[in-house]
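Undergrad: need coordinates for the below:
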Amino acid sequence: MDDHADTGLLEGAEDGLCRCRWAGQDPLYRQYHDKEWGRPVGCDRRLFEKLCLEGFQAGLSWITILRKRDAFREVFHGFEIERVAAMGESDVDRLVADARIIRHRGKIEAVIGNAKATAAVIEAEGSLASFLWAHEPAATERPDQVTPEWIRANPVTPASRRLSAALRKAGFRFVGPTTCYAFMQSMGFVNDHYPRCHVREACERDRAAFVRP
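TA: This is a model prediction of the structure:
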């Protein structure tokens, strides 16, 4: 496989497809890249889940979280917002001892607190999706097509700073600007697949067809 550092792409895969280089050769990571990353999402539960998992990722690699995602879904009741909001201290103690997930008490407590904040946002705004998608960056804030150089130079963006500030004001934790930008990339608020990545055009079509909440 040829590694083109100047394009941010991996080419010559056994399936003949060109992908963003960060997807590597792990089948789980490739599937996530091809089927999920950059596809617009309007489901409150899925958006809440991703915010929580991005918080767990802080200081770790995403593949670590991805490999534990099924366990996270199990212990947090499928990230059903009301059920997570009802969890208490005994649940936190139990999860801190669960080796299948990231045993960080502060991050576990943040998920429960973020569920409560999400419930309040839904009551005030109608949905978490409408609250989050209000922070989608304007086209004028970004280049038409991102490059590896642009991504490296912009680990946070004006839009991710605005979203981070709004979430913190609403009571969310572990939602810094870098975390928020990773969330926006993965949930399709932006299309950061590199030019010639085989998924880029499909994500662009999905974004064009997506009805903003």
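
Undergrad: can you show me the strands along the protein?
TA: 2-4, 9-11, 19-20 (DSSP state E).

Undergrad: grab the nearest non-local neighbour of G42.
TA: If the residues on either side of it in the chain are set aside, G42 comes closest to A129, at 4.7 Å by CB to CB, 6 or more residues apart in numbering. Backbone N, C-alpha and C define where each C-beta goes, glycine included.

Undergrad: L60 too?
TA: L60's closest residue in space is I102 (CB to CB, 6+ apart), at 7.2 Å.

Undergrad: ok, which stretches of the chain are helices?
TA: 27-35, 44-57, 62-75, 81-85, 89-96, 105-125, 128-133, 148-153, 158-169, 177-186, 200-209 (DSSP state H).

Undergrad: want to throw these into CSV with mean pLDDT?
TA: Converted to CSV, the helices of the chain look like this (pLDDT from 0 to 100):
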stretch, mean pLDDT
helix 27-35, 95
helix 44-57, 97
helix 62-75, 97
helix 81-85, 98
helix 89-96, 98
helix 105-125, 98
helix 128-133, 98
helix 148-153, 86
helix 158-169, 97
helix 177-186, 96
helix 200-209, 97
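
Undergrad: I'd like to know which of those is closest to D192.
TA: Closest approach to D192 among the helices of the chain is made by helix 177-186 (4.8 Å; CB to CB).

Undergrad: what sits up against the closest one?
TA: 36-38, 50-51, 54-55, 57-58, 62, 135-137, 154-157, 159-161, 163-164, 167, 189-190, 192 (CB atoms under 8 Å, 6 or more residues apart in numbering).

Undergrad: tell me the centre residue of this structure?
TA: F183 (3.1 Å; CA atoms, centre = their mean).

Undergrad: so how far is E49 from it?
TA: Separation of F183 from E49 (CB to CB, to the nearest Å): 11 Å.

Undergrad: next: P155.
TA: Counting by CB to CB - P155 and E49 are separated by 23 Å.

Undergrad: more neighbours, the two?
TA: Taking other CB atoms under 10 Å, P155 and E49 do not tie; E49 has more neighbours (22 against 11).

Undergrad: my read: that one touches E80, true?
TA: No. With contact defined as CB atoms under 8 Å, E49 does not reach E80; the gap is 9.6 Å.

Undergrad: who's in contact with T147?
TA: G8, Y194, P195.

Undergrad: which of the contacts of helix 177-186 are buried?
TA: By neighbour count, with 16 or more other CB atoms under 10 Å, those hold 36-38, 50-51, 54-55, 57, 62, 135-137, 157, 159-161, 163-164, 167, 189-190, 192 as buried.

Undergrad: test my guess that the residue nearest to G42 contacts C43.
TA: Yes. Counting by CB under 8 Å, A129 does reach C43; the two are 7.1 Å apart.

Undergrad: between those two, which is the more surrounded one?
TA: Neighbour totals were compared for A129 and C43, and A129 leads with 21 against 13 (other CB under 10 Å).

Undergrad: the more buried one and V41: what is the separation?
TA: 8 Å.

Undergrad: list residues touching both of the two?
TA: L47.

Undergrad: in stretch 161-181, what's buried?
TA: 161, 163-164, 166-167, 170, 172-181.
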